[in-house]
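Engineer: Starting from these lines, generate the structure:
(4 chains)
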Number of protein chains: 2
Amino acid sequence: MPQAAGPSRSHPATLGDVARLAGVSIATASKALNGRSQVRAETRQRVIEAAERLSFRPNQLARGLLAGRTGTVGLLTSDLEGRFSIPILMGAEDAFGAGEVAVFLCDARGDAIREQHHVRALLGRRVDGLIVVGSRTDPRPSLGRELPVPVVYAYAPSDDPDDLSIVPDNVDAGRIAVQHLLACGRTRIAHITGDPGYLAARERAEGTRAALADAGLALVGEPRFGAWSEGWGRAATALLLDQHPEVDAVLCGSDQIARGVMDVLRERGHRVPEDVAVMGFDNWQVLTSASRPPLTSVDMNLEQVGRAAAHALFTAIGGARRSGVETLPCRVVIRGSTAPLS
Amino acid sequence: MPQAAGPSRSHPATLGDVARLAGVSIATASKALNGRSQVRAETRQRVIEAAERLSFRPNQLARGLLAGRTGTVGLLTSDLEGRFSIPILMGAEDAFGAGEVAVFLCDARGDAIREQHHVRALLGRRVDGLIVVGSRTDPRPSLGRELPVPVVYAYAPSDDPDDLSIVPDNVDAGRIAVQHLLACGRTRIAHITGDPGYLAARERAEGTRAALADAGLALVGEPRFGAWSEGWGRAATALLLDQHPEVDAVLCGSDQIARGVMDVLRERGHRVPEDVAVMGFDNWQVLTSASRPPLTSVDMNLEQVGRAAAHALFTAIGGARRSGVETLPCRVVIRGSTAPLS
DNA sequence: AAATGAACCGAAAAGGCTTTCAGAAAGCTA
DNA sequence: TAGCTTTCTGAAAGCCTTTTCGGTTCATTT
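Structural biologist: Purely as a prediction, here's the structure:
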């Protein structure tokens, strides 16, 4: 017995196959499957059943060729390993995924040549738009204005103000962190943060200072810039305690730094949060929940950044182009490492 | 002055535009650009220059429609946040990226319905193949045999032995970990590991036991299953030290657990690695390098798993289908937390 | 019974590319 | 000069779908 024309035969079913099986023309089959109104209900049913039998799915290539839009977007990241790209990527996938859009993922590994190569490949595939995700918040070179499709930059803004960039508001992040510590009754606040070459470090410090100034206060000592590591957190804390034993809160530039800070505080006999409150940035689950006590941290709302970028791209594809850098607010996630002074 | 027909005009250039500008037919233009031999060198040059001027890139949709293959693959992950998907994804992107293949990324969020939806969408886009990436090593439901394109499962194997799965060898991982500890002269080795519901935990424990048996030894106590967390590492270590103070090495089921183990060891006055050696699994950079001392860990070679999966998919697209579960070896990355007994 | 209108259906073109095949041009031999 | 090969070039078909528009069928009206 010859095998019935099933889903697994060499070539997937085409609309022509469906039409033949249903005994109608290709045009009618198309209309039936697409809900056009010029088909008798009974005929439509026959076509639908035929399509079902052949597990027919319309070839999106052909459809895209005709329609001029493909329902695909390119997602260009520079740093997949980094923990910043992923939530953004998820947010974007989320925002698109509900509809009929598919995402091409490309990782340029921080290499401009490779990035250029990927852009060309994506344009060849006729993506409807591009999202460019950076791994740090410092501005990055624009892809240029000559691209035939809209581009949205996420996390790392473009250096061309004519492009649209969606980034978390790091200044505000520093501000709300301090406001939380102030609300806990802390007034002698130190700031230990990361590499001053990172805009994120400088902006968070700026927000910190501004919020303190608003309250008529100042930092305990200067902001201590260093590296984004636990080791730096430990070293800086040792110095801090020697110079300013009166400190009652440490705002850390990242969760990793905070982790190191807390370790040294505990070892030196300071209780967290009773004697010293500690906060971090990024709300990196694996660090915040494993530390003792769990770490209060500022969440940068990266998934929301991704969703916003995807949404902006959508509207840009629809024709409504925006430009400039748009910032999104962050939020404080309160855990055990901060509490009101008793 | 009217704007020259540049790259940024409304519709991207087509082969027809190039041909017209070069003063040849569409067919000749195609042959010239694709290196076919039936074109005079001078003509070819003219065409290439015209294509350059218009920044023409061949429409991959049209090309794919004609060729029957699109040069795209779908990457279906169940858990983007997880740190296992990403290296695999990078390895796959790497293996493909060199050539002309683009990757569609889909995250099913562990939802079978959503997964099915994504598979259908990908097939509609006529991907040439699929890679399915799991977030744990336990077998997962097969997508079925009726798919019109080859499928390779990575990290989490399919439950259908007729599918091809590429996974790290967790039994061997346990084995080489113990061999390293034995080489360091340790003989009183304990094993603190994660959730026994995870195959990875059971397999690593199995390899551990086997390697010890080969050396005529046994674990100190039973393997201690619990959770994949620092908290469990701390709790289990406290118990362990009470019951078996003679222990000279702790093999931990994950780097997180190891981190907790080391904290308690230090607090209880045991030196690492002089008194007790500590090892983890996964080689998760942020944990291994931040701990004191830096943590020796077993790297699961996930990027290699990704590359192997991509490579297998490639050959399967070429027609050479394999099946069964193929395991890849892991490797020990030695850092400060293990050293020979002095 | 003839005419009108509505409801359906199908032929054909379009979209951009590759490939085949036949024809044109040029170079060579006898 | 006629006949042959060699080298290029271009017309056209095909990939799969959607959409337009003209044609067919059938029920209804006069």
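
Engineer: what about the helices in chain A?
Structural biologist: For chain A, the helices defined by DSSP state H occupy A:15-22, A:26-33, A:41-53, A:60-67, A:85-97, A:112-124, A:170-183, A:199-214, A:230-243, A:255-267, A:285-288, A:302-317.

Engineer: residues of stretch A:15-34 that come out buried?
Structural biologist: Buried residues in stretch A:15-34, counted by 16 or more other C-beta atoms under 10 Å in any protein chain shown: A:15, A:17-19, A:21-22, A:24, A:28-33. In short, each C-beta sits where N, CA and C put it, glycine included.

Engineer: just stretch A:198-212 next, same as before
Structural biologist: A:198-205, A:207-209, A:211-212.

Engineer: Same list (those) but as JSON lines, adding pLDDT and distance to A:Arg46.
Structural biologist: Shown next, in JSON lines, are these (pLDDT from 0 to 100; distance: C-beta to C-beta, whole Å):
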{"residue": "A:Tyr198", "pLDDT": "97", "distance to A:Arg46": "63"}
{"residue": "A:Leu199", "pLDDT": "97", "distance to A:Arg46": "62"}
{"residue": "A:Ala200", "pLDDT": "97", "distance to A:Arg46": "61"}
{"residue": "A:Ala201", "pLDDT": "98", "distance to A:Arg46": "66"}
{"residue": "A:Arg202", "pLDDT": "98", "distance to A:Arg46": "67"}
{"residue": "A:Glu203", "pLDDT": "97", "distance to A:Arg46": "63"}
{"residue": "A:Arg204", "pLDDT": "98", "distance to A:Arg46": "64"}
{"residue": "A:Ala205", "pLDDT": "98", "distance to A:Arg46": "69"}
{"residue": "A:Gly207", "pLDDT": "98", "distance to A:Arg46": "65"}
{"residue": "A:Thr208", "pLDDT": "98", "distance to A:Arg46": "69"}
{"residue": "A:Arg209", "pLDDT": "97", "distance to A:Arg46": "73"}
{"residue": "A:Ala211", "pLDDT": "97", "distance to A:Arg46": "69"}
{"residue": "A:Leu212", "pLDDT": "97", "distance to A:Arg46": "74"}
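
Engineer: any idea how far A:Val133 is from A:Asp107?
Structural biologist: 10 Å (C-beta to C-beta, to the nearest Å).

Engineer: Compare these two and say which is more crowded by neighbours.
Structural biologist: A:Val133 (27 against 24; other C-beta atoms under 10 Å in any protein chain shown).

Engineer: for DNA strand D, what are the nearby residues on chain A?
Structural biologist: Contact residues (C-beta under 7 Å from any atom of the strand) of chain A with DNA strand D: A:11, A:14-16, A:26-27, A:30-31, A:33-34, A:36, A:38, A:56, A:58-59, A:62-63, A:65-67.

Engineer: Also within reach of DNA strand C: list those from those.
Structural biologist: A:26-27, A:38, A:62, A:65-66.

Engineer: Pick out the lowest-pLDDT one from those.
Structural biologist: Among those, A:Gln38 carries the lowest pLDDT, at 81.

Engineer: Can you tell me the closest non-neighbouring residue to it?
Structural biologist: Distances taken as C-beta to C-beta, 6 or more residues apart in numbering or on different chains place A:Lys31 nearest to A:Gln38, at 5.8 Å, with adjacent residues excluded.

Engineer: can you tell me how far the one you found sits from A:Ala41?
Structural biologist: For A:Lys31, the distance to A:Ala41 (C-beta to C-beta) stands at 12 Å.

Engineer: How many residues are close by the closest residue to A:Arg321 other than its chain neighbours?
Structural biologist: In space, and not counting its chain neighbours, A:Arg321 is closest to A:Pro150: 6.5 Å by C-beta to C-beta, 6+ apart. By other C-beta under 10 Å, 23 other residues sit near A:Pro150.

Engineer: Contacts only, for A:Pro150.
Structural biologist: Each residue near A:Pro150 by C-beta atoms under 8 Å, 6 or more residues apart in numbering or on different chains is listed here: A:129-130, A:313, A:316-317, A:321.

Engineer: on that earlier part again, list residues touching both of A:Asp107 and A:Val133?
Structural biologist: A:77-78.

Engineer: need the residues of chain A near DNA strand C, please.
Structural biologist: Close to DNA strand C, as judged by C-beta under 7 Å from any atom of the strand, chain A has residues A:24-28, A:38-41, A:43, A:62, A:65-66.

Engineer: one more time with 10 Å
Structural biologist: Within chain A, the positions near DNA strand C by C-beta under 10 Å from any atom of the strand are A:15, A:19, A:22-32, A:36-44, A:46-47, A:59, A:61-68, A:124, A:126.

Engineer: still on that earlier bit, between the buried residues of stretch A:198-212, which is nearest DNA strand C?
Structural biologist: Closest approach between the buried residues of stretch A:198-212 and DNA strand C, by C-beta to the nearest atom of the strand: A:Leu199, at 40.8 Å.

Engineer: re the thing from before, ok, and the most crowded of the contacts of A:Pro150?
Structural biologist: In the contacts of A:Pro150, the most neighbours by other C-beta under 10 Å go to A:Leu313, 27 neighbours.

Engineer: got the contact list for it?
Structural biologist: A:Leu313 touches A:73, A:129-131, A:150-152, counting by C-beta under 8 Å, 6+ apart.

Engineer: With respect to B:Asp111, which of these is nearest?
Structural biologist: For these, the residue nearest B:Asp111 by C-beta to C-beta is A:Val73; the value is 22.1 Å.

Engineer: Can you tell me the closest non-neighbouring residue to the closest one?
Structural biologist: Nearest to A:Val73 is A:Gly129, by C-beta to C-beta, 6+ apart, at 4.8 Å.

Engineer: Let me see the contact set for the one you found.
Structural biologist: A:73-74, A:149-152, A:313-314, A:316-317.

Engineer: Point out where chain A drops to low pLDDT.
Structural biologist: A:1-10 (pLDDT under 70).

Engineer: Chain neighbours aside, what residue packs nearest to the residue most central in space within it?
Structural biologist: Nearest to the geometric centre of chain A sits A:Ile88, at 1.5 Å (C-alpha atoms, centre = their mean). Closest residue in space to A:Ile88, ignoring its immediate chain neighbours: A:Gly306 at 3.7 Å, by C-beta to C-beta, 6+ apart.
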